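>>> return atomic coordinates for the entry below.
(chains A and B)
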Amino acid sequence: MKLSKGFYAAAVVVVIAVLAAAPLFLSGYHLALGISLLYFTVLATAWALFSGPTHYISLATAAFFGIGAYTTAALPDLLPIPLVLLIAAAVGVAIALVVGLSTLRLSGIYFVIFSFGLSELIRQLVTWYEVNIHGSVGRYIFAETTTQGIYWRLLALALAVFGVTWLIRHSRLGLAVRVIGQDEMVARHCGIDTTRAKLALFAISAAFMTVTGAIMAPRWTYIDPAIAFNPTISFEVVIMALFGGAGALFGPLLGAVPLVLLFELLIGNFPNYFSILLGLVFVLIVYALPQGVFGLLEARFPKVRRAASATGMSALAEKLVGPVWPRAAKREMAGDAPVLQLAGLRKSFGGLVAVDNLSFELRRGEILGLIGPNGSGKTTALNLISGAIAPDSGEIKLEGRPIAMLPAHRIAQRGVARTFQLVRVLGASTCLENVIAGLAFHSNALWGAAAEQRARELLTRVGLGDKADMPAGQFTYIDQKRLELARALALSPDVLLLDEWLAGLNPSELHVGIALVKMLRDEGLTIIIVEHMMDAIRSLCDRCVVMSAGAKIAEGPPAAVLSDKEVIRAYLGGAGD
Amino acid sequence: MTLALDIVLSGLVLGGMYALFALGLTLQYGIARIMNLSYGEFLIAAAFGALFLYTGMAVNPIVGMLAVVPAAFGLNWLLYQIVLMPLVKRAKSQGMLEVDSILGTFGILFVIQGVMLVVFGGSLQSYSYLSIPIHILGTTLALNRILALAFALIIAGVLYLFLTRTRYGIAMRAIAVNPVAAQLSGINIRAASALAFAAGGAIVGAGGVLTSMFLTFSAASGVVFTMKALIVVIMGGVGNMMGALVAGLLLGIAETAVARLVDPGLTIAVTYALFLGALLWRPTGLFGRPAR
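Numbers count the residues shown, from 1 in each chain, chains lettered A, B, ... in the order given. The predicted model follows:
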């Protein structure tokens, strides 16, 4: 293996050298083709950098490309090229941040719709500006450069986009967006600031697109908004990335090369029917190759899959990409005070009051059972504590500090971990990556070898030690539940919320499960369990809070509350009346 | 004062059209769960149909709707059954179908647009039908605009009655709320979804004919209409007819105001500003329940 690694490195160097030397031998048509190949490779890779892991389809490539081209056109011709490219990147990032901040907080569909019309919007604004303020629609570009120069700049940019993509994939940011793409709710409860992660990636991707436009601008000596903001570019880039496979590092390259050649052929031979053929090619790819060429290869050759999806963790990558994240909130301990206090909590969904004036305290080191009939508001209460939803009114304090209005990721970082009633694992990731997702984003985050070692320990602890490298989607229900617990423990929480974690276990598994929860308590964890199994509640809980129709109706030791008249009536109906 | 009235009246007509487009799209997205990016292309195709019937065969657009609307219905039904059904079958979740349908219809957009470019060319088109000025409250409005608004209201009214008073309508609304539960109560979701998608197509066909009576259009202008319809749907809340109406009218008036007072080239900017404002103010739409 060592030998082949050196061999690959040598091969890469040779390929780069050949590509760099190409303009010395090529001319005219072939050099132009080389430029097309390069700039579409950059655009498609930059597109996949954001849209691949997040699954947010961005239709805004043309907008950023056009912004870059216009930046070059609008800046004075004498400005040195590196400065022009830097300014273009800055403009692209600024616009991406504005667009992203307004749409990426919301569900994906808003983003798609927004990006769909973005290039049209910017084209209109630029046209308006040019006509009313600049005085003419088009601009001439007299920047002094050669076709070779453009080729070399694009080649450098292509290397940069591959390098940056590799770094991101091997850093916490890459892990964050892979988790977000699979399940945004899980991501938040792992302590991932999802908006920031998406925004960062979108901005980086946009920067590459704008710089591409800025480099390409001198190819036209005259540009107007209709040339710069050509929506076909957005479309072509999406096809290329999808055709190659948006999930793999070199997927977009694999798509860009054949499709640029194909489009060249089509536009040369059928210029009038280009749009129709383009559309048909696209539809064909969506239908026949939903996972792209890379997906096809992966399905055939497992080795390719391992090589292509080898995302791994790199300390260097994290060091370079890490500054994207702010420092996670520090844990605080408030001594003897209750770990968690709920006061007057209320949440309604339309007319239904799911949680009504709920108050209780959680003492350090206890197991509190939150019980009640179906629909009594137990899961909603957990959702309020973990920050999945915000209360209408009321107060939640963790270690004495209010958390009711904090976003879920901040609450997770402060040491509240949870499992879900309907189990949520990241099916496409390995078991190990599921747990690392829990390890990598809290205040004492681990990364690299330390994270892997800790993840394996946690997996062994829940009984999954031998399945660490399997995709979690292949697991049985019970194993998925174990994995979810391991991921929650990875946050090294102070408070653990278990939402019917014991439900669905068979008698012997139940036995093991109860022992495990007890052991966690003995290690100092404070636990809230929502559960229907009375045996489990009796043997585990120190205290119980009983809910009915959103309100607390009883509180006390399990034996006492379970014989309470009102509790029995809530569970069994009006038999006592 | 006259200018203000003028803006409001023209804006209402335009806004009524936008609301109508949004109604069709909300049927396709809310019920059939297809995010159709080629929606506006059907609008333009219908407009070309009306143009061809009027200038080529002297059929007036209102009568022309009798041909265009059933054709749009049939084509959209076939599109759903043949082209989109494989995606529906393949989708494991609503999210997957959303992504797949966005991609699939994005391709279809280019195919239809390409065909129209080949057949009709890329230039701006319009025709003059009933452009007789009518005096209302001291301002004037062309008869064709009033007629378009009237037809839009009639279509919306019929759709409303269909959705609230008939078994099929109730079945469709059930699917919009919860497709799984709807299926369990004996509703054939595939058939009902195809019907809803086709009905959405028929509505945008009618909208295209009505719009062509007073707006210029070209083979490339479909995208803008899709976007406006999408934005009205989102602003009004997915599946909410009243919301679509209010959002549509709002958009129409705002756009007309900016076109008259600032610059006709900034209509998309207005659309976006409204969209963003609405999203920041109420992320689930003006009247929406939480969007899922």
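>>> which parts of the stretch 201-350 of chain A sit against chain B?
Counting by CB under 8 Å from any CB of the partner chain, the stretch 201-350 of chain A comes close to chain B at A:231, A:235, A:238, A:242, A:272-283, A:286-287, A:290, A:350. In this view, the C-beta of every residue, glycine as well, is placed from N, C-alpha and C.
>>> what's the helix or strand for A:Lys347?
Using DSSP states H and E, A:Lys347 maps to strand A:340-349.
>>> paired strands for that strand, with orientation please.
Strand pairing for strand A:340-349, determined by DSSP bridges: strand A:352-362 (antiparallel), strand A:393-398 (antiparallel).
>>> tell me the first helix or strand C-terminal of the shortest one.
Of the helices and strands lying after strand A:393-398 in sequence (DSSP H and E), the nearest is strand A:401-402.
>>> and the next element down the chain from that next one?
Counting by DSSP H and E, what follows strand A:401-402 is helix A:408-413.
>>> packing partners for that following helix?
helix A:184-189, helix A:378-386 (3 or more CB pairs under 8 Å, 6 or more residues apart in numbering or on different chains; DSSP states H and E).
>>> I'd like the average pLDDT over that helix.
Averaged across helix A:408-413, the pLDDT comes to 90.
>>> please enumerate the helices of the stretch 201-350 of chain A.
Secondary structure of the stretch 201-350 of chain A (DSSP state H, counting those that start in this stretch): helices at A:225-228, A:232-244, A:251-269, A:274-288, A:292-300, A:302-308, A:315-321.
>>> picking that back up, just the buried ones among the residues of the stretch 201-350 of chain A next to chain B, please.
Using 16 or more other CB atoms under 10 Å in any protein chain shown as the burial test, those include A:231, A:235, A:238, A:242, A:273-283, A:286-287, A:290 as buried.
>>> stretch A:5-20 - what's its average pLDDT?
Taken as a whole, stretch A:5-20 has a mean pLDDT of 86.
>>> most tightly packed of the helices of the stretch 201-350 of chain A?
Among the helices of the stretch 201-350 of chain A, helix A:232-244 has the highest mean neighbour count (mean count of other CB atoms under 10 Å in any protein chain shown), at a mean of 26.
>>> hey, C-alpha coordinates of it in PDB?
Output of helix A:232-244 as PDB, limited to C-alpha atoms (Å, rounded to 0.1, in the frame of the first residue of the first chain):
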ATOM      1  CA  THR A 232     -28.100  28.000 -19.000                       C
ATOM      2  CA  ILE A 233     -24.900  28.000 -17.000                       C
ATOM      3  CA  SER A 234     -26.700  27.200 -13.700                       C
ATOM      4  CA  PHE A 235     -28.500  24.400 -15.500                       C
ATOM      5  CA  GLU A 236     -25.400  22.900 -17.200                       C
ATOM      6  CA  VAL A 237     -23.500  22.900 -13.900                       C
ATOM      7  CA  VAL A 238     -26.200  21.000 -12.100                       C
ATOM      8  CA  ILE A 239     -26.300  18.400 -14.800                       C
ATOM      9  CA  MET A 240     -22.600  17.900 -14.700                       C
ATOM     10  CA  ALA A 241     -22.400  17.500 -10.900                       C
ATOM     11  CA  LEU A 242     -25.300  15.100 -10.900                       C
ATOM     12  CA  PHE A 243     -24.000  13.100 -13.800                       C
ATOM     13  CA  GLY A 244     -20.700  12.600 -12.200                       C
END
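>>> what does that helix contact?
Contact with helix A:232-244 is made by A:40, A:43-45, A:47-48, A:51-52, A:57, A:59-63, A:65, A:119, A:250-256, A:258-260, A:263, A:275, A:278, A:281-282, A:285-286, A:289, A:292-294, B:103, B:106, B:110, as judged by CB atoms under 8 Å, 6 or more residues apart in numbering or on different chains.
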